[in-house]
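Engineer: Prediction below, plus the sequence it came from.
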Amino acid sequence: MNVNRPRVLGPVVDGETRCVHYRSPLDVIAIKFACCREFYPCHLCHAEAADHVAAQWPVDSRDEPAVLCGVCGHLLAISEYLGVDSCPSCAAAFNPGCKLHTELYFRI
């Protein structure tokens, strides 16, 4: 477990970054938003808690470590996250439904 894990903002409901909006067993990531460089569990948490509009990561930022595994604290680069269905460090499964919201976080 990564004891130096980044702070996750918003209505987080447990130690694995689940929030009031998405809290299934597979909802275990937080995303660093390009606009503020802060981690939130989801786009709805950002919209409720931040004082600004969310911005997407540009395509040329694919090497940015912007996805946090809430289970083990591993930071994934955007390109790494987009290519997996589970954490490469601890094998925790990620919610496949998150891919439906990819364009809210990352320019395609």
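Structural biologist: Sure thing, it's come through.

Engineer: quick one: the residue sitting furthest away from the middle of the chain from residue 8, how far?
Structural biologist: For the chain, the largest distance from the centre (C-alpha atoms, centre = their mean) belongs to residue 51, which lies 18.7 Å off. Distance, residue 51 to residue 8, by C-beta to C-beta, to the nearest Å: 17 Å. Every C-beta, even on glycine, is put in place using the N, C-alpha and C of the backbone.

Engineer: go on, residue 102?
Structural biologist: With distances taken as C-beta to C-beta, residue 102 is found 19 Å from residue 8.

Engineer: Between these two, tell me which one has more neighbours.
Structural biologist: Comparing residue 102 with residue 8 by neighbour count (other C-beta atoms under 10 Å), the higher total belongs to residue 8, at 21 against 14.

Engineer: Is that one bridged to anything, and to what?
Structural biologist: Beta bridges link residue 8 to residue 39, judged by DSSP bridges.

Engineer: can you pull the alpha-carbon coordinates of the longest helix seen in the chain into PDB?
Structural biologist: Ranked by residue count under DSSP state H, the longest helix found in the chain is helix 43-49. Listed in PDB are the C-alpha atoms of helix 43-49, where the atom choice follows Å, rounded to 0.1, in the frame of the first residue of the first chain:
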ATOM      1  CA  HIS A  43     -16.500  14.200 -12.700                       C
ATOM      2  CA  LEU A  44     -19.600  14.800 -10.500                       C
ATOM      3  CA  CYS A  45     -17.500  15.200  -7.400                       C
ATOM      4  CA  HIS A  46     -15.300  17.700  -9.200                       C
ATOM      5  CA  ALA A  47     -18.400  19.600 -10.400                       C
ATOM      6  CA  GLU A  48     -19.800  19.800  -6.900                       C
ATOM      7  CA  ALA A  49     -16.600  20.600  -5.000                       C
END
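
Engineer: next one: it to chain centre, how far?
Structural biologist: Counting by C-alpha atoms, centre = their mean, to the nearest Å, helix 43-49 is centred 12 Å from the centre of its parent chain.
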